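coords below, sequence missing:
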């Protein structure tokens, strides 16, 4: 499975770990991204390991992910407000529920062979627009805020598995594997 590009600006062959937002919420987010950035074909997602070049073999990447995620429980994410990261000018949806859990997973995995210096401190979010002309930032933020207010569907989803992807020149982001999170047993 492949996922398109959208202003990623990341190196070819970089790896990332994400949870894709499910439908119908994903459809809303992707339509909004298309409205603000028509060239954007990326699937909506929550990133746990931002794109990074890795110099370890794929099997070692998978092994480290499996070990790091083995005892991580599934959790619920709630998308809250439209916000802007001031430094990068990325328009995004903030997280309420699930923010701490996403941080915990990032911290558990961002080490050893998966560690890379990141451009920004990890802050869980779902991107709505990025790499914008600064003159358009205010209007895009206003549009996103209005559309999000008008959206009447569910604003939460379960994260019960994560997807390892690689940025390839030919196919955009290609899925390399799925990693299940521990689902609590109900009594």
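Perfect, thanks for sending it. Computed from a predicted structure; not experimentally measured.

Show me how far the longest helix anywhere in the chain is from its chain's centre.
Ordering each helix of the chain by length in residues (DSSP state H) puts helix 137-150 first. Put simply, helix 137-150 sits 20 Å off its chain's centre (C-alpha atoms, centre = their mean, to the nearest Å).

Going by neighbour count, list what's buried in that helix.
140, 141, 143, 144, 147, 148 (16 or more other C-beta atoms under 10 Å). In short, each C-beta sits where N, CA and C put it, glycine included.

Isn't the third one up against residue 35?
Translated: residue 143. Yes - applying C-beta atoms under 8 Å, one finds residue 143 in contact with residue 35, separated by 7.1 Å.

Where do the strands of this structure begin and end?
Taking DSSP state E, the strands of the chain run over residues 2-3, 15-20, 45-52, 75-84, 91-95, 125-129, 156-159, 161-168, 172-180.

With distance to residue 26 and mean neighbour count added, can I get those in JSON lines?
JSON lines is the format used below for the strands of the chain (distance: least, C-beta to C-beta, whole Å; neighbours: other C-beta atoms under 10 Å):
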{"stretch": "strand 2-3", "distance to residue 26": "11", "mean neighbour count": "16"}
{"stretch": "strand 15-20", "distance to residue 26": "7", "mean neighbour count": "22"}
{"stretch": "strand 45-52", "distance to residue 26": "9", "mean neighbour count": "22"}
{"stretch": "strand 75-84", "distance to residue 26": "11", "mean neighbour count": "18"}
{"stretch": "strand 91-95", "distance to residue 26": "12", "mean neighbour count": "21"}
{"stretch": "strand 125-129", "distance to residue 26": "9", "mean neighbour count": "23"}
{"stretch": "strand 156-159", "distance to residue 26": "9", "mean neighbour count": "17"}
{"stretch": "strand 161-168", "distance to residue 26": "13", "mean neighbour count": "20"}
{"stretch": "strand 172-180", "distance to residue 26": "15", "mean neighbour count": "16"}
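
mind putting those strands in a markdown table, mean pLDDT and distance to residue 68 included?
Shown next, in a markdown table, are the strands of the chain (pLDDT from 0 to 100; distance: least, C-beta to C-beta, whole Å):
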| stretch | mean pLDDT | distance to residue 68 |
| --- | --- | --- |
| strand 2-3 | 48 | 23 |
| strand 15-20 | 96 | 10 |
| strand 45-52 | 94 | 10 |
| strand 75-84 | 96 | 15 |
| strand 91-95 | 96 | 20 |
| strand 125-129 | 94 | 21 |
| strand 156-159 | 96 | 15 |
| strand 161-168 | 93 | 10 |
| strand 172-180 | 90 | 9 |
